[in-house]
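Trainee: Using only what follows, build the 3D model:
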Amino acid sequence: MFGIPGKQAVSITPKAAAQISKLMTKDGSKGLRIGVKKGGCAGMEYTMDYVSEIDPNDEVVEQDGAVVMIAPMAQMFLFGTEIDYEVSLLEAGFKFRNPNVADACGCGESIKFKDVEELAAERAAE
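Mentor: Residues are numbered from 1 along each chain as shown. Next up is the predicted model:
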């Protein structure tokens, strides 16, 4: 695990918590699992899936009725991320404010993370 004892892996804004909780209730799921996968022009993409079971290896964050699980392989890349839900005139969706991102593509659909050694050194310094 790459977290810091006593500190949540991610933070969830009230708007995001309300949306996650609403969708959990409608879907009957146990929560939202967030991960990362290879893809997109910058190299990595976020994944989001509502799930019926919590994996014992997931990092679980609960807030205001919302349950977010972070897949084991994504924990190092998502630590410190703020999850928000934004609504604009043309779109609505979850937004990730992730301090571990080194670069993002122009369309905003994919990201590039800092080097693994750099991330591990930052965690050790915290």
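
Trainee: So which residues of the chain form helices?
Mentor: Using DSSP state H, the helices assigned to the chain run over residues 14-27, 75-78, 116-125.

Trainee: Comparing these by mean pLDDT, which bottoms out?
Mentor: Mean pLDDT values for the helices of the chain show the minimum at helix 116-125, a mean of 56.

Trainee: So which residues of this structure form strands?
Mentor: For the chain, the strands defined by DSSP state E occupy 10-12, 31-38, 44-51, 59-63, 66-70, 81-87, 92-97, 101-104, 111-113.

Trainee: Out of those strands, indicate the one that is most buried.
Mentor: Most buried of the strands of the chain by mean neighbour count (mean count of other CB atoms under 10 Å) is strand 66-70; its value is a mean of 24. All C-beta atoms are positioned from the backbone trio N, CA, C, and that covers glycine.

Trainee: returning to what we had before: want to try JSON lines for the strands of the chain, with mean pLDDT as columns?
Mentor: JSON lines is the format used below for those (pLDDT from 0 to 100):
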{"stretch": "strand 10-12", "mean pLDDT": "92"}
{"stretch": "strand 31-38", "mean pLDDT": "88"}
{"stretch": "strand 44-51", "mean pLDDT": "86"}
{"stretch": "strand 59-63", "mean pLDDT": "92"}
{"stretch": "strand 66-70", "mean pLDDT": "94"}
{"stretch": "strand 81-87", "mean pLDDT": "92"}
{"stretch": "strand 92-97", "mean pLDDT": "88"}
{"stretch": "strand 101-104", "mean pLDDT": "70"}
{"stretch": "strand 111-113", "mean pLDDT": "63"}
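
Trainee: Of all those, which one is nearest Lys22?
Mentor: The closest of the strands of the chain to Lys22 is strand 66-70. By CB to CB, the value is 9.0 Å.
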